[in-house]
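1. the sequence and its predicted three-dimensional model are supplied below.
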Amino acid sequence: MSEQFVIEHCSPTLAGIKTANMFTFRINKKTDVNKEVRDLNISLKEKGLRVIPLKKSENYVLIYMYRPDYLRRDLRHPKAMQILKKKGYDCSKAESCIKQLVDHLATDKVFPHEVGLFLGYPPEDVECFIKDPCDGVICSGCWKAYSNGNEAEKTFSRYKKCTEVFQRLNKKGKTMAQLTKKTDL
């Protein structure tokens, strides 16, 4: 997968302003997904990022790029823990939750909407989406916001601007590793 592709789909996470991004990557029989993921992990590990495949089919793989420190923080939020426990997750470790998300993606007949918690979306909005995705939506962008629409709109705009800036800088020769911010919580 090209740097341009990853930048297009993950700039806010690369910049350290978002917990995680997910994207679908088209594969063929020659694609070595493990090598692609390993190469990304090697280049981004010291910046505090991790990349894993969540689900693979014959033609596509769902990739998850995240900041483990951010995810641990997000999943400790009381509302996030409540949602995950209700869905059968063991919330003792973020890594356990990711494994359980992988299991849900592999076995559930419907997409597990708690995935928003793994992307850094507000737990209140994730909870409302799970209850009824259409009822009470104030605005939508990366996610559907049911509360605090002004803040959500600002966040959507920030993510979009970040992606535009990263794409522009990449076209001017900056590599993904150069653009990626090392972060500490």
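-> It's in. Numbering: from 1, shown residues only.
2. now the longest helix along the chain: buried residues?
-> Determined from DSSP state H, the single longest helix within the chain is helix 149-171. For helix 149-171, a neighbour-count test (16 or more other CB atoms under 10 Å) marks 152, 155-156, 159, 162-163, 166, 170 as buried. No exception for glycine: its C-beta is placed from N, CA and C like everyone else's.
3. relative to Lys181, how far out is Asp74?
-> Going from Asp74 to Lys181 by CB to CB, to the nearest Å gives 18 Å.
4. between those two, which has more neighbouring residues?
-> Asp74 (21 against 13; other CB atoms under 10 Å).
5. if we look at stretch 161-172, which residues are touching it?
-> Around stretch 161-172, the neighbours that count as contacts under CB atoms under 8 Å, 6 or more residues apart in numbering are 3-4, 7-8, 11-12, 14-15, 17, 176, 179.
6. rounded mean pLDDT for it, please.
-> The average of the pLDDT scores along stretch 161-172 is 96.
7. distance between that stretch and the chain's centre?
-> Chain-centre distance of stretch 161-172: 19 Å, with CA atoms, centre = their mean, to the nearest Å.
8. what do you get for stretch 25-43?
-> On CA atoms, centre = their mean, the centre of stretch 25-43 falls 17 Å from the chain's centre.
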